[in-house]
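Peer 1: Got a sequence here, can you build the structure:
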Amino acid sequence: MSCQVGKNYQRPETRLPETFRNETTADTLLKSLPDLQEFFANETLRQLIDTAFAYNNDLRLAVKNIESAQATLRQVKLNYLPTINANLQASRNRTARNSFAGLGNEAFIGTLSVNDFSLNLGLNWEVDIWGRVKQQKIDALAGLLQNQEYRRGVQTRLVADVANGYYNLLMLDEQLKIAIHSKELSDSTVFVTQAQYRVGEATNLAIQQAKAQLEETKQLIPQIEQSIIQQENALSLLCGQYARGIVRRAEAGDAFRLNVRGGYPVSLLAARPDIHSAELMLRQQFARVGIAQIAMYPQLTITAQTGLTSFQASNWFSIPGSFFWNFLGGLTQPIFQRRQLQTQLELANIEKDKALISFQQALLTGYTEVSTALAATQKLDEQITSALARRQALEEGIGSTQLLFKNGMANYLEIISAQSNYLQSRLSVTQLERQKAAATIELYRALGGGWR
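Peer 2: Below is the predicted model of the structure:
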């Protein structure tokens, strides 16, 4: 039974707003986020995430840190028990003839050399009066849980990075198709311009401008192909593999399975690994303050020793003649330690205050990230609607411009301008859709999803 020293941990008041900024009004609130299988509809992507979970080296290191923390906790749990050591010794000591010891040895055993054979068990036990071991267990357990939250944090970020990389590849594939199609349109424009030049309906300048437009479009193709290779290499690295091609395909129903019509309660932030880890650090610092306080209190130590000893090997194990034991209990109170104990307590309190600030900052960061991701998903929807309308208008316009150009009713500048605008509008739509996917993934991560 021990006396409690130090305050028990109490969760600080968070003072979080009731709703996120940019939160849409919803009749129902999500009680929890969907897991990976529910959130990602793309099966190929889910398989890639599974590969990253198995081979990503940052995640594997996080698992090893958990194993280290588990070993520490197992050791701390045994701190209530005494330490026991076995000791086997054999010694030979020669005393001086002119010393009192030498005279005594010669008188009683007839020799100056004395042998000593000893076999004993020693016990040392610090009685946990003030609850030091309890605080140490709280400290070790919080450290273990922090490592588990760190692994979850690595896993959450890994899911987001892999998903973003995968959808970036899908966007680049689509942009490559757009660039190839635009090259075919530019080829057709060059062909028509050359035909018009031969019949005197176009100038050499028109041919040069059409060819310049063609080369600009052709330059875009290797740029996109380079980006594809870079993204595939980055995804390979995330998956703990050497650079290779990434199998992917856009699947039907590839949208994210996140109930965007439902509201997001602020309580979901509690599932974020970084916030939970910050609170565990605060709990750990509370325990360390207690440990520093206990160091200033008296220590009750019990030592005991028993075994067999003899100066002759022949009767070493003769019982009870060779049997001995001793027992000692001592109380030690620190008095003057050059202010070391007081400094340790002050530093522990400072670290506790820093942990509280870090916890408050983690809450602030989480709230801000969710609000930002919510705004991004909402505003990108509006941008995509406008971009699709613009693309539709340009698609209809380019058809009319091509027909007029072939009939000599539109000049080369008009057809080049129409093709360039159409190309940029299509690329813009794919980029906005990619940004919407990234914003949705970020919202999922910011709300604490991705590690389940």
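Peer 1: what about the helices in the stretch 251-400 of the chain?
Peer 2: With helices called from DSSP state H, counting those that start in this stretch, the stretch 251-400 of the chain shows them at 273-294, 340-406.
Peer 1: Which parts of the next helix or strand after the longest one count as buried, going by neighbours?
Peer 2: This points to helix 340-406. Under the assignment DSSP states H and E, the closest C-terminal helix or strand after helix 340-406 is helix 412-446. Residues 412, 415-416, 418-423, 425-430, 432-446 are the ones in helix 412-446 that count as buried (16 or more other CB atoms under 10 Å). (C-beta placed from N, C-alpha, C; glycine too.)
Peer 1: Report the distance from helix 412-446 to the chain centre.
Peer 2: Computed by CA atoms, centre = their mean, to the nearest Å, the separation of helix 412-446 from the middle of its chain amounts to 31 Å.
Peer 1: Tell me what angle that helix forms with helix 340-406.
Peer 2: Relative orientation of helix 412-446 and helix 340-406, computed by axes from the mean of the first three to the mean of the last three CA atoms, to 10 degrees: 150 degrees.
Peer 1: shaky segments in this structure?
Peer 2: For the chain, applying pLDDT under 70 flags the ranges 1-4, 6, 24-29, 250-262, 408.
Peer 1: Okay, strands next: where are they in it?
Peer 2: Ranges of strands in the chain, per DSSP state E, are 83-94, 113-127, 299-310, 323-332.
Peer 1: Run me through the strand neighbours of the third one, direction for each.
Peer 2: Think strand 299-310. Counting by DSSP bridges, the strands paired with strand 299-310 are strand 113-127 (antiparallel), strand 323-332 (antiparallel).
Peer 1: highest average neighbour count across those?
Peer 2: Comparing those by mean neighbour count (mean count of other CB atoms under 10 Å), strand 113-127 comes out on top with a mean of 15.
Peer 1: Show me what that one is in contact with.
Peer 2: The contact list for strand 113-127 (CB atoms under 8 Å, 6 or more residues apart in numbering) reads 81-95, 105, 299-313, 316, 324.
Peer 1: give me that answer again for 7 Å
Peer 2: Where contact means CB atoms under 7 Å, 6 or more residues apart in numbering, the residues beyond strand 113-127 that reach it are 82-95, 105, 299-313, 316.
Peer 1: Write a PyMOL command that selects only the buried members of those residues.
Peer 2: If you want just the buried ones from the contacts of strand 113-127 in PyMOL, going by 16+ other CB under 10 Å, the selection is:
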select buried, resi 95+105+299+303+304+305+307+308+310+311+316
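Peer 1: Turn the strands of the chain into TSV, columns for distance to residue 292.
Peer 2: What follows is these, written out as TSV (distance: least, CB to CB, whole Å):
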stretch	distance to residue 292
strand 83-94	23
strand 113-127	17
strand 299-310	14
strand 323-332	17
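Peer 1: For residue 349, find the nearest of the ones you listed.
Peer 2: Residue 349 lies closest to strand 299-310 among the strands of the chain, at 21.9 Å (CB to CB).
Peer 1: how far off strand 83-94 does that closest one point, in degrees?
Peer 2: With the same axes, to 10 degrees as the basis, strand 299-310 and strand 83-94 are set at 50 degrees to each other.
Peer 1: quick thing: my sequence starts at 822, can you match it?
Peer 2: In the new count, where the first residue is 822, that last one comes out as strand 1120-1131.
Peer 1: Return the alpha-carbon coordinates of strand 1120-1131 using PDB.
Peer 2: Presented in PDB, the C-alpha positions along strand 1120-1131 are these (Å, rounded to 0.1, in the frame of the first residue of the first chain):
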ATOM      1  CA  GLN A1120      13.200   6.300   0.500                       C
ATOM      2  CA  LEU A1121      12.700   3.000   2.500                       C
ATOM      3  CA  THR A1122      15.200   0.400   1.300                       C
ATOM      4  CA  ILE A1123      15.400  -3.200   2.600                       C
ATOM      5  CA  THR A1124      18.400  -5.400   1.900                       C
ATOM      6  CA  ALA A1125      19.000  -9.000   2.900                       C
ATOM      7  CA  GLN A1126      21.700 -11.600   2.300                       C
ATOM      8  CA  THR A1127      22.000 -15.300   3.000                       C
ATOM      9  CA  GLY A1128      24.200 -18.100   1.900                       C
ATOM     10  CA  LEU A1129      27.200 -20.300   2.800                       C
ATOM     11  CA  THR A1130      30.700 -19.200   3.600                       C
ATOM     12  CA  SER A1131      33.900 -20.900   4.800                       C
END
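Peer 1: quick one: residue 1273 from residue 1129, how far?
Peer 2: Counting by CB to CB, to the nearest Å, the gap from residue 1273 to residue 1129 is 61 Å.
Peer 1: Contacts made by stretch 1226-1242 with the rest, please.
Peer 2: Applying CB under 7 Å, 6+ apart, the contact partners of stretch 1226-1242 are 1003, 1006-1007, 1010, 1013-1014, 1017, 1022-1023, 1027, 1030-1031, 1034, 1215, 1218-1219, 1222-1223, 1225.
Peer 1: try 6 Å
Peer 2: Here stretch 1226-1242 makes contact (CB atoms under 6 Å, 6 or more residues apart in numbering) with 1006, 1010, 1013-1014, 1022, 1027, 1030-1031, 1034, 1215, 1218-1219, 1222, 1225.
Peer 1: Can you pick out the most distant pair from those?
Peer 2: Farthest pair in these (CB to CB) is 1022 and 1215. Separation: 25.5 Å.
Peer 1: Comparing these two, which residue is more hemmed in?
Peer 2: Taking other CB atoms under 10 Å, residue 1022 and residue 1215 do not tie; residue 1215 has more neighbours (20 against 12).
Peer 1: doesn't residue 1245 make contact with that one?
Peer 2: No: Residue 1215 is not in contact with residue 1245 according to CB atoms under 6 Å; the separation is 8.8 Å.
Peer 1: hmm, back to that, which stretch among the strands of the chain comes nearest residue 1064?
Peer 2: Shortest distance between residue 1064 and the strands of the chain, using CB to CB, is found for strand 904-915: 53.3 Å.
Peer 1: hmm, who's touching that closest one?
Peer 2: Against strand 904-915 from outside (CB under 6 Å, 6+ apart): 933-945.
Peer 1: All set, thanks.
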